[in-house]
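In: Return a 3D structure for these sequence lines:
(chains A and B)
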There are 2 protein chains.
Amino acid sequence: MTEEMTIAEFQRFIRDRYYARDSERGTPGTFLWFMEEVGELASALAGDDDHNKAEEFADVLAWLCTLANINGVDLAQAVRKYTAGGVDGFK
Amino acid sequence: MTEEMTIAEFQRFIRDRYYARDSERGTPGTFLWFMEEVGELASALAGDDDHNKAEEFADVLAWLCTLANINGVDLAQAVRKYTAGGVDGFK
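Out: Below is the predicted model:
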């Protein structure tokens, strides 16, 4: 079921759950929380615990969604930069 | 159409396009690229260019997918930490 979850659905899920709190905290403060999770991802990647790696990837993605929410960015729309073809701005 | 793209589909899209190169570079080197995009996201968030914000969110998400790919992490499965309910490990 989650396998079928769209990017938009996950972003909405995070919005429903956390928008009020994250919006009140604002972008700079929320970015600090995001970076804490990025740091934890770095630690996980340096280790051997696959379950921990998966958890930290999920946390970074969730905080990325919440940052997008409070900045009015639609991630599903944004990734068209990649999926719509034509432009290769990735690398 | 992209609105309906699943997390799993986007991760596969990035895998098809970049796995070989990213796998060869390895996790530490790929993490450096990821962090470069995180830095660009910070710059965008500090500014007023909404198009640039969307682009940088997309780039961070794409690099997060590629890091997940080369570390054998299924993001759609990983986010069940949030969506499966019960556990609130987010905050």
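
In: Might you report the residue contacts of A:Asn52?
Out: Residues in contact with A:Asn52 (C-beta atoms under 8 Å, 6 or more residues apart in numbering or on different chains) are A:Ala44. All C-beta spots, glycine's among them, are computed from the backbone N, C-alpha and C.

In: Does stretch A:10-22 reach chain B?
Out: Yes: between stretch A:10-22 and chain B, judged by C-beta under 8 Å from any C-beta of the partner chain, the touching residues are A:10, A:13-14, A:17-18, A:21.

In: how about stretch A:24-31: buried residues?
Out: A:25, A:27, A:30-31 (16 or more other C-beta atoms under 10 Å in any protein chain shown).

In: Among those residues, which are located in helices?
Out: Counting by DSSP state H, those place A:25, A:27, A:30-31 in helices.

In: Can you tell me which of those residues is nearest chain B?
Out: Of all those, chain B sits closest to A:Thr27, with 5.4 Å by C-beta to the nearest C-beta.

In: counting contacts, what elements does the worst-scoring helix or strand of chain A on mean pLDDT pack onto?
Out: Every helix and strand in chain A was compared by mean pLDDT, DSSP states H and E; the lowest is helix A:80-83, with a mean of 93. Judged by 3 or more C-beta pairs under 8 Å, 6 or more residues apart in numbering or on different chains; DSSP states H and E, helix A:80-83 is in contact with helix B:7-25, helix B:50-70.

In: Most tightly packed of those?
Out: helix B:50-70 (a mean of 22; mean count of other C-beta atoms under 10 Å in any protein chain shown).

In: now that one: mean pLDDT?
Out: The pLDDT scores in helix B:50-70 average 98.

In: That helix versus helix A:7-25: what angle between them?
Out: Per axes from the mean of the first three to the mean of the last three C-alpha atoms, to 10 degrees, the angle that helix B:50-70 makes with helix A:7-25 is 120 degrees.

In: which of the buried residues of stretch A:24-31 come close to chain B?
Out: A:27, A:31.

In: Show me which pair in the buried residues of stretch A:24-31 is furthest apart.
Out: Using C-beta to C-beta, the two most remote members of these are A:Arg25 and A:Phe31, lying 9.8 Å apart.
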